[in-house]
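**Q** What would the 3D arrangement of this be:
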Amino acid sequence: MPFPLAAGSLPFVGELAALFAAGVLVAYLCYRVRLVPIAGFLLAGVVVGPNALGLVTDLELVQEIAEVGVILLLFSIGVEFSLKEMARLARPIFLGGGVQVGLTIGVVAGAAVALGVPFGASVFTGFLVALSSTAIVLKVLAERAEADTPVGRIALAMLLFQDLIIVVMALLVPILAGEGGTGLEIAWALGKAALVVAAVLIGARRVIPALLDRVART
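**A** Predicted coordinates for the structure are as follows:
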């Protein structure tokens, strides 16, 4: 049964109250037993969701709130992360991240093919297993004060590589499904992605600081 609402209240207030109440309770319990809250939040979502207590039934609302939360989390991490640090991690990003993604895809796809799964579906399954949630991993590292440790930096490098390679994976999915375009179309799509990344890096390093400096002088 959906969470009861007060008369005249907005339709989503009750569900928001259920989400926040569950979140506060789970965070407190995890603190008492010294566990990372992420797992507790997942369990709380299962309990208050439509398949259990049914206190929250508007999944579209939950998705929108989740997107805002992820954006704010990644923004806060990006504020503390410099381009110099990214440049210093260039080798771990492409070497360590490439080895991790490549080996994971190869092992998973090979095992799936051995079990009789079609090649395209096997490689796609490898794609899924090779990727992690950047937001969740960085949140866990931050809560454990490990983001600036050698382990945290290696994990960050692999996560950054996964975020970059997912563009290539998305372009390969139609091909694996037998619906892909030509090699020229894929190359053009990759070129556009590279141009966007280059424009962002140049803007963050050269254009934006110059504009802010000019605004500060006025």
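
**Q** Run through the helices of the protein in chain order.
**A** Assigned by DSSP state H, the helices in the chain fall at 13-33, 37-48, 59-80, 83-88, 90-91, 97-114, 119-130, 134-143, 150-176, 183-202, 208-217.

**Q** a markdown table for these, including mean neighbour count and mean pLDDT?
**A** C-beta: built from backbone N, CA, C; applies to glycine. Supplementary listing: these in a markdown table, determined by neighbours: other Cβ atoms under 10 Å; pLDDT from 0 to 100:
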| stretch | mean neighbour count | mean pLDDT |
| --- | --- | --- |
| helix 13-33 | 15 | 79 |
| helix 37-48 | 16 | 77 |
| helix 59-80 | 12 | 73 |
| helix 83-88 | 12 | 67 |
| helix 90-91 | 10 | 74 |
| helix 97-114 | 16 | 91 |
| helix 119-130 | 18 | 89 |
| helix 134-143 | 18 | 76 |
| helix 150-176 | 17 | 78 |
| helix 183-202 | 12 | 72 |
| helix 208-217 | 9 | 75 |
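
**Q** For Arg34, what are phi and psi?
**A** phi 60, psi 50 (degrees, to the nearest 10).

**Q** how many other residues sit next to it?
**A** The tally of other residues near Arg34 (other Cβ atoms under 10 Å) stands at 6.

**Q** Begin at 43 from now on, thanks
**A** Sounds good: first residue 43 from here, last item Arg76.

**Q** Tell me which residues touch the residue of the chain positioned farthest from its centre, please.
**A** Of all residues in the chain, Thr260 has its C-alpha farthest from the mean position, at 38.8 Å, by Cα atoms, centre = their mean. Contact analysis of Thr260 by Cβ atoms under 8 Å, 6 or more residues apart in numbering lists nothing.
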